[in-house]
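Participant: sequence below, structure please.
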Amino acid sequence: MASVSSESQFSLCVFEVTVGPSVHADGHSVHVVGDHPALGCWDSACGVPLHATAAGGWQLRVSAPVSIPSGVALQYKYIVIANGQLQRWEAIQGNRVLVPDRADVVARDELDRYVALPLPRLEPPLPPLPPTGASLAEASLAPEDHGGSTVLIVTYILPLVIRKDEGEAGGWTIAWNQDAITAKKRPLEPHARVQRIGCPGLAVAEEDRASLTAALSAYGCVPIFLDAELDHSFYFGFCRSYLWPTFHNVIKARGFNDKVWRAYCAANRRFADKVIEVYDSGDLVWVHDYHLLLLPSYILRKLRTARVGLFLHTPFPSSEIFRTIPVREELIRGMLNADLIGFHIFEYARHFLTCCKRMLGLEYEFHPGGFIAVRDYKRDVKISVSHVGIEPELCRVEQAAGEANTALAGGAAPPMPWACAGFVSVSSGVSLSSPVVANEEARKLASNLVELRQLQAAGKTVMLGIDEMERLKGIPLKLIAFEQLLKTVPERADKVALVQVGVRARNFTPAVQADFDELRGEVLEILGRIESAFPGAVRFVEVPTMALAQRMQLWALADVAVFTPVREGFNSFPLEAVYARREGTPGVVLLSEFCSTACVLNGALRINPWNTEEVTHAMECACSMRASERLARHERDMQFIVQTTASAWAERFANDLQTTSKKPDEPWTPIGFGLAGFRRVGWGEGFRALDTTEVLAAYRRARRRAIFLDWGGTLVAIDNGQLSSLISYYHADLPPAVHHCLEELAADPSNLLMVLSGRERSRVEEVFKGIGGASLAAEHGFHFRLGSFPGVRKVGEGAWQQLFEDFDLSWKETVRAIFEAYKTRTNGVVIQDKGSALVWKYDEVDPEFASMQLKELLQHLHTTLQHAPVEVTMGKGYLEVRAKGMNKGVIVDHIISLLYSNCGGVDFVLCIGDDTADESMFSALQSRFGSSSQGGGPSVFTTVVGRKPSAANYYLNDPDEVGP
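Facilitator: Numbering: from 1, shown residues only. Next comes the predicted model:
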């Protein structure tokens, strides 16, 4: 065989494999699959078939010649197909490797036997080859051979190209969609198994669903079939027409359609049902994008210990936009029921955190390792910011394959017309391109590549834009800026050309169609204007789709890549443009500051697409940029592209989900009703509902009892119409039944009954003065009045006392002055004097502004009061300065001490409260007695009203369960 000449870049390879008698049974065939597009990119459905050369016994099977790049390591394997379906991958360790070093190469192998040999070094070292999709396919076929959890990747549409075959057989043609982020490009980790769950992306008749499900199982995919009406309302009605514009900060006066919202809920429930069906204990569930924001909530209802991650690939809107959504709390609660939420850039995460703070009152903090944690009912929801990359090796292989196909096409076809080309329509359904470029497309592309090279040979700088034809991509803004460049820098008119490719946007809704028609009219109008003044300056073409191989060839010829979207989530095109120019003179990327990739491509020229003058100036700078600066900018961006690949991003997110999620035995429990109120909270060990039978039995056995009851929210209900987190808006008078019950408890000679409150002393005395024998505590125990003790009857008006008579309250005037100063600069603040404490209440203030003012206020208080006998505490919506060492827990502990010194101890303790101020009582009793009655100790029942995280051991659902 002749050696490869310096002019030849491709080799023709023939694969020969010897197979045993068991393989060539009826219906069995052998294919070769590898990491090159000519071998199907590890897609078992796109492999190259091998044909038998003899019958019976051992056979030699031979493939047709395959064109592959020379001098590049090729990984491949053989697979066995039975009755049109994948039966197995050959049983060898790792993959076969071949380095073509001649124009004609023959690979001679034996099925299921392989000994790896050292590879010759024919060129400088390449980046490490990515692990193959074959290992994923093997894992899905033989899960028992692999340890670790399965990662369930849930997307609206499976990352596949699926087509129903014509003819009586009615089979399926299936290929991976290389443009999908979740496509099978490499495994998440060496021993991970991956299953993908989603809709097939095309309408499937009822009778064909079973066969498609079976075909997809070979790809590790599980389909979800939504009814046509539900799917239309879910996607076109709510996702594309409502959520997508809102998440891109596009808002118009429009009504809210309950029907499409119900469809969104129903579709998310269908996805949850399928996840629950597939799920095994220990699996990781990774949900993708805005279509499935409710999915974590629905999964949580049935799988309480499931570890769920959510990654949003669109922008997240500002809080002012998000708050216009009528179902905002349902959506944000759905997201918060995930364990880990991912965003591409911090701007999107910041908007989400602001929404959590403003709408739900949830705080967040930064954790080691770069995480942000939203604190939600004793549970941390981790927020991760990590931008997805591309697969450089896949781009390199696709680019080489595209060049090979273009070379074979030879540019024989007439060029595809530039400038106002005829529009090629596509269906309104999900349309995805094949990873292998069709011959006809290759011939058309080859002719246009020849024209681009001719432009460069004529000394012109080629600017290139490839964008979907939709408003937010900013194509008119790009054309206007280029027109301005030709006018203001006339010497550039003959030295620069703009090539703009418009890709037809998919999944049109009527609104999107109208927007497309309007946009196309604007583009053609601007093109006509430029063409009349500067003939040939702009080449414009519309295409239905553009595969990765085609894009990489175009990017490789672009001196300047221009992106001018006005709002955009993830877009791989800027990353591809940088990588395509890795050899030779690097290109320059002009990138809108409103792209997420602008935050990771530091070598790009960032532009504001709305500022025509700025974009024009950037175009001029790019055209005149020195080679040394181009190289420096390119090297800076190549570092990100090589190190932050899509597979590395996926592996990192899965690992984060594995490590940040709860353990199976942790006491997480879902509570609440409806999507807005449903959430997951964490309980302490042994936390359970209070059993009244158990309490009554312990009560009857006891000779000395202590009963501690909070007032507002416990004995009487708080008015839920008032949204204050500090003031107890409860009924002025006790209900007669509650009043009578308290009188009976206080009259029992074996009881000590104490009612505690944070309200001022006069108010407490006014309400409870008629209950003889009851002990009272006001202002969280700063003032208290003793009533009857077990065995010691005290009926009548006792004197109010202070636990610590020498309390110094001189600090109040200083604190009041500070509070007043900050109140005047913070609209909505209320100052409350509680006798022994002053409260700065800010729950009606804008949360972000209040947070900023609060930091300054805390610093001021710390400086001024560092030697004062006070403590500063914070709650939800308030800051309180009070006398040091005084809370309900202190007074309860004091009363228990009096019981032991005066009455010989206590056999029964019941303590009930409802808010954070009552937690100190529970903690004090836990410290003194422990959590259970052991060793002859008293029976202790610490009980919180409302099922929520607490130091108490028991809970009651509401005040109605406290009273008679």
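
Participant: pretty sure A267 belongs to a strand, no?
Facilitator: No - according to DSSP: H, G, I helix; E, B strand; the rest coil, A267 belongs to no strand; its state is helix.

Participant: which residue sits closest to it, ignoring its sequence neighbours?
Facilitator: F234 (4.0 Å; Cβ to Cβ, 6 or more residues apart in numbering). The way it works is simple: take the backbone N, C-alpha and C, and place the C-beta from them, glycine included.

Participant: doesn't C265 make contact with the one you found?
Facilitator: No - contact criterion Cβ atoms under 8 Å: F234 and C265 do not qualify, at 9.1 Å.

Participant: I'd say C741 and P964 touch.
Facilitator: Yes - applying Cβ under 8 Å, one finds C741 in contact with P964, separated by 4.8 Å.

Participant: secondary structure element for V308?
Facilitator: Using DSSP states H and E, V308 maps to strand 307-311.

Participant: okay, now the sheet partners of that strand, with direction.
Facilitator: If you go by DSSP bridges, strand 307-311 pairs up with strand 284-288 (parallel), strand 340-343 (parallel).

Participant: CA-only coordinates of the helix or strand just after that strand in CSV, if you can.
Facilitator: The helix or strand immediately downstream of strand 307-311 is helix 319-322, counting by DSSP H and E. Only the C-alpha atoms of helix 319-322 are listed here, as CSV (Å, rounded to 0.1, in the frame of the first residue of the first chain):
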residue,chain,number,x,y,z
SER,A,319,-38.0,39.7,40.0
GLU,A,320,-40.1,42.6,38.6
ILE,A,321,-40.9,40.5,35.5
PHE,A,322,-41.3,37.2,37.4
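
Participant: so which other helices or strands are in contact with helix 319-322?
Facilitator: Helix 319-322 is packed against helix 346-360, with contacts defined by 3 or more Cβ pairs under 8 Å, 6 or more residues apart in numbering; DSSP states H and E.

Participant: do that again at 10 Å, thanks
Facilitator: On a contact count with 3 or more Cβ pairs under 10 Å, 6 or more residues apart in numbering; DSSP states H and E, helix 319-322 meets helix 244-247, helix 328-336, helix 346-360.

Participant: now tabulate the ones you listed in CSV and tack on distance to E491 and mean neighbour count.
Facilitator: CSV is the format used below for the helices and strands packed on helix 319-322 (distance: least, Cβ to Cβ, whole Å; neighbours: other Cβ atoms under 10 Å):
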stretch, distance to E491, mean neighbour count
helix 244-247, 42, 21
helix 328-336, 53, 21
helix 346-360, 39, 19
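
Participant: redo the strands paired with strand 307-311 as TSV? Include mean pLDDT, distance to R700 and mean neighbour count.
Facilitator: Below are the strands paired with strand 307-311 laid out as TSV (pLDDT from 0 to 100; distance: least, Cβ to Cβ, whole Å; neighbours: other Cβ atoms under 10 Å):
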stretch	mean pLDDT	distance to R700	mean neighbour count
strand 284-288	95	50	27
strand 340-343	95	50	25
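
Participant: nearest to T693 among those would be which one?
Facilitator: Nearest to T693, of all the strands paired with strand 307-311, is strand 284-288, at 40.2 Å by Cβ to Cβ.

Participant: kindly calculate the angle that the closest one makes with helix 328-336.
Facilitator: With axes from the mean of the first three to the mean of the last three Cα atoms, to 10 degrees defining the directions, strand 284-288 sits at 140 degrees from helix 328-336.

Participant: could you dump strand 284-288 to CSV, C-alpha only?
Facilitator: C-alpha atoms of strand 284-288 as CSV (Å, rounded to 0.1, in the frame of the first residue of the first chain):
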residue,chain,number,x,y,z
LEU,A,284,-30.1,10.7,40.8
VAL,A,285,-32.9,12.6,38.9
TRP,A,286,-31.6,15.4,36.7
VAL,A,287,-34.4,17.7,35.3
HIS,A,288,-33.7,20.1,32.5
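
Participant: the residue lying closest to T53 once chain neighbours are set aside pairs with what?
Facilitator: Leaving aside its chain neighbours, T53 sits nearest to L60 (4.9 Å; criterion: Cβ to Cβ, 6+ apart). Beta bridges link L60 to T18, judged by DSSP bridges.

Participant: please parse the protein into its domains.
Facilitator: Taking automatic domain parsing as the criterion, the chain consists of the domains 10-126, 453-643, 683-803+886-962, 811-883.
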